[in-house]
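Visitor: structure for this input, please:
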Amino acid sequence: MDVHILQSPEEVIEQIAEDIVNLANECVEDHGRFTIALSGGSSPKKLYELLASEQHADNFPWENTFFFFGDERYVPSDSPDYNAGMAREAMLNKVNVPKENIFAVNTAFSPNEAANDYAHRILEHYQIDEPVFDLILLGLGDDAHTASLFPHTRVLAETDALVKEVKMLSDNSWRISFTRTLINKASNVYFMTFGEKKSEAVYHVLEGPRYEFQYPAQFIRPTNGKVCWYIDTAAATLLRNR
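Guide: Down below sits the predicted model:
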């Protein structure tokens, strides 16, 4: 595990953007394509805007990159809360990505059908039973959730399915999420988070006692892959091994 501690959120975003561009080109050179699962939220939006900017756009292998989503809110595709819509607005519509390279969750189905359909499309893309993403981007919630893997939810016990529907008891809504099973198959997992309010969650995941059902991001330990954390000094304030 690598932990990159930068001075500010801006430096975190700049560093992870540079590393994503380098990894993408390495993957295309090695096996002809780069397959990435994006995350939602305001912080990734700034990252996506930077990747689509003049600073990085010309160096990124857009035509050889396939975009998926690690989780999605169960809302209409034209909703401002739809993660794929945010990614298109911030990045994908600004660069030369073939439409067939973008795999968004189809929320026109029921939650269960949407999860099953997305898992099927992932398997169809890879043409193998053990899909391995080159990179899965993840954030970290104040409660140490990641993707839509929230504390003490049933999806945390899932060890077979690749994608599952997740019932949000807080507001009676649904989400569609990669399971820890699928995430832990990845070659690379990049966590990005910053701010002092994330410091407790960062401590629990990186240095605290193992209690995965309370701190779901602790589950993320790829079998044959690498985990990199990109955090700022504020998020790292409680870490002892800095």
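
Visitor: may I see the buried residues of stretch 29-45?
Guide: 33, 34, 35, 36, 37, 38, 39, 40, 43, 44, 45 (16 or more other Cβ atoms under 10 Å). In this view, the C-beta of every residue, glycine as well, is placed from N, C-alpha and C.

Visitor: and which of those residues is nearest residue 216?
Guide: residue 39 (14.2 Å; Cβ to Cβ).

Visitor: wait, the closest one touches residue 140, no?
Guide: No - with contact defined as Cβ atoms under 8 Å, residue 39 does not reach residue 140; the gap is 9.9 Å.

Visitor: that older thread, among the buried residues of stretch 29-45, which lie within strands?
Guide: 34, 35, 36, 37, 38 (DSSP state E).

Visitor: okay, these in TSV with pLDDT next?
Guide: Output for these, formatted as TSV (pLDDT from 0 to 100):
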residue	pLDDT
34	98
35	98
36	98
37	98
38	98
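
Visitor: dihedrals phi and psi, residue 71?
Guide: phi -160, psi 160 (degrees, to the nearest 10).

Visitor: hmm, residue 84 and it touching each other?
Guide: No - assessed by Cβ under 8 Å, residue 71 is found out of contact with residue 84, at 10.8 Å.

Visitor: are there helices or strands packed against the helix or strand hosting residue 204, and which ones?
Guide: According to DSSP states H and E, residue 204 maps onto helix 199-206. With contacts taken as 3 or more Cβ pairs under 8 Å, 6 or more residues apart in numbering; DSSP states H and E, helix 199-206 sits against strand 226-232.

Visitor: strand partners (parallel or antiparallel) of the strand it packs on?
Guide: Take DSSP bridges as the rule and strand 226-232 pairs in its sheet with strand 2-6 (parallel), strand 188-193 (parallel).

Visitor: single out the most deeply packed of these.
Guide: Among the strands paired with strand 226-232, strand 188-193 has the highest mean neighbour count (mean count of other Cβ atoms under 10 Å), at a mean of 24.

Visitor: ok, and what's touching that one?
Guide: 12-13, 16, 19-20, 23, 39, 43-44, 47, 133-140, 146, 183, 201-202, 217, 220, 222, 225-231, 235 (Cβ atoms under 8 Å, 6 or more residues apart in numbering).

Visitor: which among the residues you listed count as buried?
Guide: Buried among these (16+ other Cβ under 10 Å): 12-13, 16, 19-20, 23, 39, 43-44, 47, 133-140, 146, 183, 201-202, 217, 220, 222, 225, 227-231, 235.

Visitor: let me see the ranges of the helices in the protein.
Guide: Counting by DSSP state H, the chain has helices at residues 9-31, 42-51, 83-90, 111-126, 180-183, 199-206.

Visitor: pull the most distant pair out of the buried residues of stretch 29-45.
Guide: 33 and 43 (26.2 Å).
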